[in-house]
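# Sequence first, then the predicted structure:
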Amino acid sequence: MKYLIKTINDYNEDEIISFYNKINNFKKDKIDKYKNNKLKLLSIIGEILLKDLLLDLYNLNYSNLDFNYNNYGKSYIKDKDIYFNISHSFDYIITIVSNKEIGIDIEKVRKTNLNTINYFATNKEKEYILKSNNDIEKRLFQIYTLKEAYFKMKGTNLNNIFSVEFIIKNNKVYCSDKTVECGFINDIDNYIISYCKRK
């Protein structure tokens, strides 16, 4: 697997518009549905990173590829055993590519309502998050991003969010789904980046 991380400030408006014009109509339609202009920019940059990774890893021309979406809106490349995922949080965008199914999620560590853990964390995960007052938000976003990455890898929604459990010991991640390898990418201070991929 390989990934690229950029910020919204790494590209000027002309570069973004120029690339947007090269995106196939299928993907443009999805981007155009965003009412928030910043979300549109982040999505386009995610595609730029995907273009760069596909060229670097597989010598594939992004413009020549046939993209489609599954029933849950996850994008994939038709007739290729190449998997990718894109995530963004605030000004950061990350795109990851692999030869196995993969999901990625990035979140800025920030103050949040602790009651939200009831919506995504199992009892063991809650114990981990609440084990001390130090770094509680960091642990919360570790579990949350792992859940997001897992279901993004599967290409489904979060309806069965309690069906998978993560145990974190010494910054190593253990997933209840033994067919999956998970971990953290520690490239940006004050952000949690989690990935899940098929072994």
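It's in.
# Quick check: residue 114 touching residue 140?
Yes: at 7.4 Å, residue 114 counts as touching residue 140 under the criterion of CB atoms under 8 Å. (Glycine included, C-beta is placed from N, CA and C.)
# Compare the two (neighbour count), which wins?
residue 140 (26 against 13; other CB atoms under 10 Å).
# any idea how far residue 115 is from that one?
According to CB to CB, to the nearest Å, residue 140 stands 11 Å off from residue 115.
# shared neighbours, these two?
Here residue 140 and residue 115 share no contacting residue, scored by CB atoms under 8 Å, 6 or more residues apart in numbering.
# what's the following helix or strand after the longest helix seen in the chain?
Longest helix in the chain by number of residues (criterion: DSSP state H): helix 37-58. Later in the chain than helix 37-58, the nearest helix or strand by DSSP states H and E is strand 67-69.
# list the helices and strands that following strand packs on?
helix 25-32, strand 75-77 (3 or more CB pairs under 8 Å, 6 or more residues apart in numbering; DSSP states H and E).
# TSV for the ones you listed, including mean neighbour count, mean pLDDT and distance to residue 89?
Output for these, formatted as TSV (neighbours: other CB atoms under 10 Å; pLDDT from 0 to 100; distance: least, CB to CB, whole Å):
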stretch	mean neighbour count	mean pLDDT	distance to residue 89
helix 25-32	13	85	18
strand 75-77	18	90	19
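# For residue 192, which of those is the nearest?
strand 75-77 (23.1 Å; CB to CB).
# And the next helix or strand past that closest one?
Assigned by DSSP H and E, the successor of strand 75-77 is strand 83-89.
# Could you point out the helix or strand that follows that next one?
Assigned by DSSP H and E, the successor of strand 83-89 is strand 92-98.
# between that following strand and helix 37-58, how big is the angle?
30 degrees (axes from the mean of the first three to the mean of the last three CA atoms, to 10 degrees).
# now strand 92-98 and strand 83-89, what's the angle there?
170 degrees.
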